[in-house]
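Student: Next input, structure requested:
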Amino acid sequence: MPGPKRLFIKTYGCQMNVYDSERMADVLSPLGYVATDRPEGADLVVLNTCHIREKATEKVYSELGKLKEMRDEALAQGGSRMTIAVAGCVAQAEGEEIMRRQPAVDLVVGPQAYHQLPELIARSHRARGERLSADFAPEDKFDALAPAGRKADGVTAFLTVQEGCDKFCTFCVVPYTRGPEWSRDPAAIEAEARDLAAQGVREVTLLGQNVNAYAAPNDRNSGGLAALVRRLAKIEGLDRIRYTTSHPRDMDAALICAHAEVPELMPYLHLPVQSGSDRILKAMNRAHTADSYLKLIETVRAARPDIAISGDFIVGFPGERESDFEATMDLVRAVNHAAAFSFKYSRRPGTPASAMPGQVAEAVKDERLARLNALLDEQARAFNAAQVGQTLPVLFERPGRHAGQLIGRSPYLQAVHATAPDRLIGQVVPVKIESAARMSLGGALAKEMQPA
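Tutor: Model prediction:
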């Protein structure tokens, strides 16, 4: 009997890609592929790519060059031939250009074609010819990757419910690489969530490029993400629900109400704003203003006063003046974020912003990003410090670095470490917070959880 085939998947970019990499491993498992943590000696290497930032794309081509050298050396020594595949958003966006730049690539697989991997690999092994598969309907993808085949890895899991984007922000390639917004059937999502819960998963994070644009297929009157959250909250054993990433345009009253009424929905909202300047927001085609965003945050906080707000920011967008950047800083001060992600604008070929006048110098971007990060860091530290003395419900996920220590997450997504027995992994436990750092909290089990 032939031995198992070794599969190495390297994932770039967002949590959606992490989810997709797990599904690719699942669909290849029946063919005898076993995951390995090194590309050396692998029979199949998949680079699951991200096209959001230019440097990420170039890293893929650099990695392909290294894989080619690795494969050539192995063949020269009489080893087996490694199959090299490029998946994800770079595959969708650049297609045959990938194979032109790096002929060592055997397969190019777009985000909606992962379920075709076994067939594509078989074709590649036979002919080394049918190498491009990027245009498949997303429902085919999810129908093929049945939830029963998914193996849970720990007590938390990502669960894709929506893909694609119809917003066409001028800086973003997602509408071109992931296609239009498309939502999975709620029954299929529920089945997958139930299967995960049966395997010990206690928290799911619902994923989508615009997750709060979720709408049940063929019946937009049946409720959006709020209805889905309420449906999943009824699953026994599923203690926590989160979702990411959202768009301000799709933050409707029903979802805000769910934050107030569904205890399983965690009080954490990642709601990217990108800029505090109306002039820049218009150039980005964000279709909201700074004022409308701030009023939305006020409404959310009125419904759930303890909610933690996270956001995304881009500095140095074409045409950004110092006054525009200062407007962003003013918005950050007004919102007071618990966490945030900030980036320098980078040109993405084919997007409208890449051809806009007024490209900002890198030195200016660096200086503005440093100032923004200093403010965001100050706010994150203050938010964490405010938890000291509080008792928070913590879902313990895994052992910590020190003996007898467990690591978990607060409702606000903060990492929390405490001395606790391993039997508490997978349980939501009250922890009194005793210390706070930039990225984590430290605490002790509440008195009622202390051993007698």
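
Student: Secondary structure element holding Ala157?
Tutor: Assigned by DSSP states H and E, Ala157 belongs to strand 156-160.

Student: Which SSE is immediately downstream of that strand?
Tutor: Following the chain from strand 156-160 toward its C-terminal end, the next helix or strand by DSSP H and E is strand 162-163.

Student: Give me the phi and psi angles of Gly65.
Tutor: The phi/psi pair for Gly65 (degrees, to the nearest 10) reads phi -60, psi -40.

Student: Can you tell me how far the closest residue to it other than its chain neighbours is from Leu64?
Tutor: Counting by CB to CB, 6 or more residues apart in numbering, Gln102 is the residue found nearest to Gly65 once chain neighbours are left out, at 6.9 Å. C-beta coordinates here come from the backbone N, C-alpha and C atoms, glycine included. Between Gln102 and Leu64 the distance, using CB to CB, to the nearest Å, works out to 4 Å.

Student: where along the stretch 301-450 of the chain do the helices fall?
Tutor: Using DSSP state H, counting those that start in this stretch, the helices assigned to the stretch 301-450 of the chain run over residues 322-335, 362-385.

Student: My understanding was that Ala104 contacts Met70; is that so?
Tutor: No: the pair Ala104 / Met70 is not scored as a contact, 9.9 Å apart, by CB atoms under 8 Å.

Student: Those two: which is more packed in?
Tutor: The neighbour count for Ala104 versus Met70, taken as other CB atoms under 10 Å, is higher for Met70 (19 against 15).

Student: got the contact list for whatever helix or strand that one lives in?
Tutor: Counting by DSSP H and E, the element that carries Met70 is helix 54-76. Taking contacts as CB atoms under 8 Å, 6 or more residues apart in numbering, the residues outside helix 54-76 that touch it are 10, 12-13, 39-41, 45, 47, 49-51, 80-82, 84, 86, 90, 94, 98, 101-102, 104-105, 346-348.

Student: Contacts only, for the spatially closest residue to Ala198 that is not a sequence neighbour.
Tutor: The shortest distance from Ala198 to any residue that is not its chain neighbour, by CB to CB, 6+ apart, is 7.4 Å, and that residue is Gly237. Under the criterion of CB under 8 Å, 6+ apart, the contact list for Gly237 reads 197-198, 200-202.

Student: so is Gly237 in a helix, a strand, or just coil?
Tutor: Under the three-state scheme (DSSP: H, G, I helix; E, B strand; the rest coil), Gly237 adopts coil.

Student: Tell me the confidence at it?
Tutor: At Gly237, the predicted lDDT confidence score is 96.

Student: same thing with Gly179?
Tutor: Reported pLDDT at Gly179 in the predicted model: 75.

Student: Double-check that it belongs to a strand.
Tutor: No: secondary structure assignment places Gly179 outside any strand; it is coil (three-state DSSP).

Student: What about it, how many residues nearby?
Tutor: By the measure other CB under 10 Å, the count of residues near Gly179 is 20.

Student: ok, now how distant is it from Gln92?
Tutor: From Gly179 across to Gln92, the span is 8 Å (CB to CB).

Student: Phe168 now?
Tutor: As defined by CB to CB, Phe168 lies at a distance of 16 Å from Gln92.

Student: Compare those two (neighbour count), which wins?
Tutor: Comparing Phe168 with Gln92 by other CB under 10 Å, the one with more neighbours is Gln92, at 24 against 13.

Student: any residues touching stretch 414-425, and which ones?
Tutor: Surrounding stretch 414-425, the residues in contact under the criterion CB under 8 Å, 6+ apart are 155, 384, 387, 392, 394, 396-400, 404-410, 429, 431, 433, 439-445, 449.

Student: Counting neighbours, which bits of stretch 236-250 end up buried?
Tutor: When neighbours are counted by 16 or more other CB atoms under 10 Å, the buried residues of stretch 236-250 are found to be 238-250.

Student: Those in helices, which ones?
Tutor: Secondary structure defined by DSSP state H assigns none of the buried residues of stretch 236-250 to helices.

Student: And the furthest pair within those?
Tutor: Comparing every pair within the buried residues of stretch 236-250 by CB to CB identifies Asp239 and Arg249 as the most remote, at 30.2 Å.

Student: Quick check: can you name the pairing partners of the strand holding Ala157 and their directions?
Tutor: Partner strands for strand 156-160, per DSSP bridges, with pairing direction: strand 203-207 (parallel).

Student: what distance separates the strand it pairs with from the middle of the whole chain?
Tutor: What separates the centre of strand 203-207 from the centre of its chain is 10 Å, taken as CA atoms, centre = their mean, to the nearest Å.
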